[in-house]
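1. Test case, fold it:
(2 chains)
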Amino acid sequence: MIQQELREAEAIFQSHRTPVNREELMATVSKDFLNRADYLKLLAADDMEVLERMARRAHDITEQYFGKVVLLYVPLYLSDFCTNGCLYCGYSTTIDKPYKRKKLGIEEMRAEMEALKQNGFDSILLLTGGDRKRSSVQYIAEAVRIASAYFSEIILEIYALTQDEYRIVLESGASGLTIYQETYDRELYDKVHLYGEKKNYDFRLEAPERAIEAGLKHINIGSLLGLGSAVRDMFMAGVHGDYLQRKYPEVELCFSYPRIRPAGAVSGPEDPVDDVRFVRFILATRLFLPRAGISISTRENASTRDNLVGLGMTRMSAGSRTTVGGYATACSRPGQFDIDDERSVNQIVDMLQIRGYRPEFTNWVKGIA
Amino acid sequence: MTYQIGGRDLKSRFFIGSGKLPSYAIIPEMVEKTGIEVITVAVRRINPETRHENIMDYIPGHCVIMVNTSGARNAGEAVRIARIGRELTGSDWIKIEVETDAKYLLPDNEETLKATEILVGEGFMVFPYISPDLVMAKKLAKAGAAAVMPLAAPIGTNKGITCAALLKPIINEIDIPVIIDAGIGRPSHAAEAMELGADAVLANTAIATAPNPVTMAIAMAKAVEAGRMAFEMGLLAEKEFADASSPLTGFLRRAE
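-> Predicted coordinates:
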């Protein structure tokens, strides 16, 4: 069980002593495969020379497993209605919104998806806030059905569902799930989730397994970096991924590294993750889980994302809006978080090609997943 | 000189994979400069409706498309992917690739055999990618595979011919062609595979991640040709001791 694995990981975390000397860290980087304690050592290694060595290894491993290819996807927010009280989120009901919440109707969805298809996207991430009534499972399933006419890969970033509900969205055409535990610190989790269904830590923690058991084949997990102890949360997310990959080797596992950005009621991160640590986390995950996908969103700025090409990143979003809709029609309302990389999909394509990488739009041709 | 594989007469014994290439636009030049005739294409990535690079637009008409089932997790999925692949490409050459091992990406021989049996029955030319196992290779040959594709080392590792002792029996004992696939990182590895007696060699990662993929493909193709030429001529045996030009036992003959 994941809870047991995390307890064992907690013991590794508690027995970890810093600093580890450079020689030992360099030897760890050179190992063929890392164990969990090795992974933690590298996550916490505050040493630029070790970081450089990690970058070189991560580059080689990424080429070995993924080649010169980066998959491009696009997010579409279906609804920002939410009944949860999450202190760090722009959709949270804990803050007063100066605008009315919105949910896309069927025709609006079609228009948005049509616009995204015109841009060449074939992989879409559909997102909703956590409101089981206004964005019901039936509503999400309908959105997935519409999306499946346009896109070959449909990934959902929605509130945690039951296994039967995951089966409903799977049968409508969904291929994967993105779900972040936010923090693996139970106490903190309880503190930042004031109310709502999301307050149930275990129900969320076990969501990836329910989704896989229901038949979804792509699972993207992560921690909201900066919310709690960043090294600990990153370590636990890696352990969670390792556990899933061992238990379900057939699943396409992927990580995201959302850093807290100004949004919601939290003014600033508890444990800020600067660029150096951010990159170290990505590289360490690549060394620990060589085949895992690594997805970097437009929360990160253009320069950071460009420099991560070849260092482990395998998926990136492009031309994103974090407002509800916003592709077919202009939208000036605030989104879930601020976007830092505002380049169009064509600009991202050019950037990848200049760097010697092939932008890929199709992960799974229709009919396979 | 031509040879036969999958019911086709081919000249080149060097096949390339396309999955990891930095751009599909380099394929025509690569084909022109190397004489490559077989290119693998992952069905999962073919999107006929794409507004961006579509691999099918870059494969010259005279080349054989070997569709691969990469991403398949079991025989059933491999079969489904093969059928979709035939529809999308018009090619009935199927490389069966079933991988569920996340670290070493080693193929699942058992599921591969199951898929082979089904697809041969549906009229495909089946090319199973396997861990080098003679007994499995025999079963695949019996099931009607067009060739077998044993790996030389885990995919993408560039480690070369790490298991000649397992590849050699397959080459010696089965009657269908043997294409060595995966692990080929350098031209010398490709030459070694051909010297062992393989009928052809397939590479992808080593070319795709080379500073200049076209140049690497040319080097590999030449190495494949050199290795084959030497194999056909008959390689000289390796010796433990140097051959002295004056025989050590000559004095015995002089005494006669």
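2. residue contacts, A:His193?
-> A:84-87, A:182, A:199 (C-beta atoms under 8 Å, 6 or more residues apart in numbering or on different chains). In short, each C-beta sits where N, CA and C put it, glycine included.
3. Repeat the analysis, applying 7 Å as the threshold.
-> A:84-86, A:199 (C-beta atoms under 7 Å, 6 or more residues apart in numbering or on different chains).
4. for the longest strand along chain A, packing partners?
-> Identified as the longest strand of chain A according to DSSP state E is strand A:69-79. Secondary-structure packing of strand A:69-79 (3 or more C-beta pairs under 7 Å, 6 or more residues apart in numbering or on different chains; DSSP states H and E): helix A:106-118, strand A:123-128, strand A:315-317, helix A:345-354, strand A:358-360.
5. ok, 8 Å please
-> helix A:106-118, strand A:123-128, helix A:137-147, strand A:153-157, strand A:315-317, helix A:345-354, strand A:358-360 (3 or more C-beta pairs under 8 Å, 6 or more residues apart in numbering or on different chains; DSSP states H and E).
6. Could I get the buried residue list for the third one?
-> Spelled out, that is helix A:137-147. A:137, A:139-141, A:143-144, A:146-147 (16 or more other C-beta atoms under 10 Å in any protein chain shown).
7. who's in contact with that helix?
-> Contact partners of helix A:137-147, identified using C-beta under 8 Å, 6+ apart, comprise A:78-79, A:103-104, A:106, A:109-110, A:113, A:124, A:126, A:128, A:154, A:156, A:158, A:161, A:165, A:168-169, A:171-174.
8. Narrow the residues you listed to those that are buried.
-> Using 16+ other C-beta under 10 Å as the threshold, A:78-79, A:103-104, A:109-110, A:113, A:124, A:126, A:128, A:154, A:156, A:158, A:161, A:165, A:168-169, A:172-174 are the buried ones among these.
9. For chain B, give me its nearest residue in the stretch 151-300 of chain A.
-> A:Glu250 (3.9 Å; C-beta to the nearest C-beta).
10. Which element, helix or strand, includes that residue?
-> Assigned by DSSP states H and E, A:Glu250 falls within no helix or strand.
11. since we're on it, how many residues are nearby?
-> When neighbours are counted by other C-beta atoms under 10 Å in any protein chain shown, A:Glu250 registers 17.
12. list the contacts for the closest residue to it other than its chain neighbours?
-> Excluding its sequence neighbours, the residue lying closest to A:Glu250 (C-beta to C-beta, 6 or more residues apart in numbering or on different chains) is B:Arg73, at 3.9 Å. Residues near B:Arg73 by C-beta under 8 Å, 6+ apart: A:217, A:250, B:98-100.
13. Need the three-state assignment for the closest residue to chain A within the stretch 101-250 of chain B.
-> Using C-beta to the nearest C-beta, the closest approach of the stretch 101-250 of chain B to chain A is made by B:Gly156 at 3.7 Å. The assignment at B:Gly156 comes out as coil when based on DSSP: H, G, I helix; E, B strand; the rest coil.
14. buried set for the longest helix anywhere in chain B?
-> Longest helix in chain B, counting residues (DSSP state H): helix B:213-233. The neighbour-count check on helix B:213-233 (16+ other C-beta under 10 Å) flags B:213-214, B:216-221, B:223-228, B:231 as buried.
15. what about whichever residue of chain A sits closest to chain B, distance to A:Thr183?
-> When scored by C-beta to the nearest C-beta, chain A has A:Gly67 as its residue closest to chain B, at 2.1 Å. A:Gly67 sits at a distance of 34 Å from A:Thr183 (criterion: C-beta to C-beta, to the nearest Å).
16. Equivalent analysis for A:Tyr243, please.
-> Taking C-beta to C-beta, one finds A:Tyr243 at 17 Å from A:Thr183.
17. the more surrounded of these two?
-> Neighbours were counted for A:Tyr243 and for A:Thr183 using other C-beta under 10 Å; A:Thr183 has more, 28 against 20.
18. show me what contacts the closest residue to A:Arg210 other than its chain neighbours?
-> Spatial nearest neighbour of A:Arg210, chain neighbours left out: A:Gln163 (4.3 Å); criterion: C-beta to C-beta, 6+ apart. By C-beta under 8 Å, 6+ apart, the contact list for A:Gln163 reads A:210-211, A:213-214.
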